[in-house]
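# how would this look folded up:
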Amino acid sequence: MKNVIPVVMAGVIGIYGLIIAVILAESIPKPNVDTRENVYSIYTGMAHLCAGLCCGLSGLAAGGCIGIVGEYGVRCVGYRASNITLFPSKTESSGYSSVPEHGSSGDNEDVSGSDDQNKLFVGMLIMLIFSEALALYGLIVALIVSQHSFSCGES
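Numbering: from 1, shown residues only. The predicted structure follows:
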């Protein structure tokens, strides 16, 4: 269940983009039917473009960060839980805990490395939260920028 968290957080970033798209689409006015004059100014169009770019580029940066942190975090947590090593070697491993070979220990100790797994998971979760904050900042800036408008029909 812990391995699904990066996928969910990446999905939330997509929802941020959807929110901005709906807000921008609803704020585009229709042209006057009688005079066929456009009331959507270049200023408003550029404000909407900047809002979309703020949300999109911050989402891209946050998505890349979540992808990298999520990949390595899931690999470490998953490999720790299943006692699989990435680079097996004959030398004794040093680290938080070393898992002995099967059958070499007669004790009934917990050798699964669950303490280390929890430490890795907490670190991964903190990095994911801070990378999600990048996209949230972009959403907030996009909401502020999207509210700037100028109507061409005003005198």
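# okay, CA-based contacts and neighbour counts for the rest of this
Fine.
# ok, residue 136 - contacts?
residue 16 (C-alpha atoms under 8 Å, 6 or more residues apart in numbering).
# please, which helix or strand holds it?
helix 114-145 (DSSP states H and E).
# that helix - what's its average pLDDT?
The average pLDDT within helix 114-145 is 87.
# buried ones in it?
The neighbour-count check on helix 114-145 (16 or more other C-alpha atoms under 10 Å) flags 116-117, 120-121, 124-125, 127-128, 131-136, 138-143, 145 as buried.
# next: stretch 32-48.
For stretch 32-48, by 16+ other C-alpha under 10 Å, it's 39-41, 44-45, 47-48.
# gap between the two ends of it?
20 Å (C-alpha to C-alpha, to the nearest Å).
# what mean pLDDT does that stretch have?
87.
# give me the contacts around it.
Residues contacting stretch 32-48 (C-alpha under 8 Å, 6+ apart): 24, 28-31, 145-146, 148-153.
# pull the most distant pair out of the residues you listed.
31 and 145 (22.5 Å; C-alpha to C-alpha).
# one step back: buried subset of the contacts of stretch 32-48?
Of the contacts of stretch 32-48, these count as buried by 16+ other C-alpha under 10 Å: 24, 145-146, 149.
# can you give me the helices in the protein?
5-26, 42-82, 114-145 (DSSP state H).
# and the longest one, how far out from the chain middle?
I take that to be helix 42-82. How far helix 42-82 lies from its chain's middle: 4 Å, per C-alpha atoms, centre = their mean, to the nearest Å.
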